[in-house]
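Engineer: Please find the sequence and the predicted model below.
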Amino acid sequence: FGFRGRSSIEKEKTLDISKVARFMASGAICSSIAHFALTPIDVVKTKVQTKPDVYNGGIVGTFQKVLNEEGPATFFDGWEPTFAGYFIAGAIAFFFTEYFRRIFSNLITTVLLASSSAASEVSAA
C-alpha cells in the first residue's frame with residue numbers, strides 16, 4: 001500500500017510472455033484455492049437445496065448433520081471439478097483484467113493529454 005504499493009511490473013505497460021505467465025499463474029492459484037476453501041459451504045448449500053425435507057435445520061444444523069452422519073470427508077465431495085474449473089477461469093480472468101487495464105490506462109492518458117491540450121488552445125484563443 002502507499003507510494004510503494006505499485007510494483008515495477010505494474011508500471012510497465014507492455015506484456016511479454018513471462019508477465020503473462022505470472023498473471024495467469026497468480027489468477028489460477030488464488031481463484032482455485034479460494035473456491036476450494038469454500039467447497040464445504042457449497043456442499044451444505046447443495047444438500048439444503050436438493051433435499052429440503054431431510055436437511056431442514058438451516059446452514060448450521062445441516063453442517064452438523066452432515067458432519068455427524070456422513071463424516072468430514074463429505075464436505076469436500078466434488079472439489080476436483082471446482083478446483084480445475086476455477087484454476088482455468090482464474091487464469092483467464094486475471095490475464096484479461098491486466099490486459100484491459102493496460103489498454104484503458106493508455107487510452108485514458110491519451111484522452112486526458114489531448115483534452116488538456118485542446119483546452120489550452122481554446123483558452124489561448
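Structural biologist: Received the coordinates, thanks. Numbering: from 1, shown residues only.
Engineer: In contact with G61, which residues?
Structural biologist: Y55 (Cβ atoms under 8 Å, 6 or more residues apart in numbering). Backbone N, C-alpha and C define where each C-beta goes, glycine included.
Engineer: which element is it on?
Structural biologist: helix 58-70 (DSSP states H and E).
Engineer: And E10, what's its pLDDT?
Structural biologist: pLDDT, E10: 56.
Engineer: ok, back up a step: pull out the buried residues from the helix holding G61.
Structural biologist: For helix 58-70, the neighbour count (16 or more other Cβ atoms under 10 Å) marks 62-63, 65-66 as buried.
Engineer: would you turn the residues you listed into CSV with pLDDT and distance to A114?
Structural biologist: Putting the buried residues of helix 58-70 into CSV (pLDDT from 0 to 100; distance: Cβ to Cβ, whole Å) gives the following:
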residue, pLDDT, distance to A114
T62, 93, 59
F63, 93, 58
K65, 94, 64
V66, 94, 60
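Engineer: ok, so of these, who is nearest I108?
Structural biologist: F63 (47.0 Å; Cβ to Cβ).
Engineer: Backbone torsions only: list them for the closest residue to that closest one other than its chain neighbours.
Structural biologist: Once flanking residues are discounted, F63 sits nearest to V44: 5.3 Å by Cβ to Cβ, 6 or more residues apart in numbering. Main-chain torsions, V44, degrees, to the nearest 10: phi -60, psi -40.
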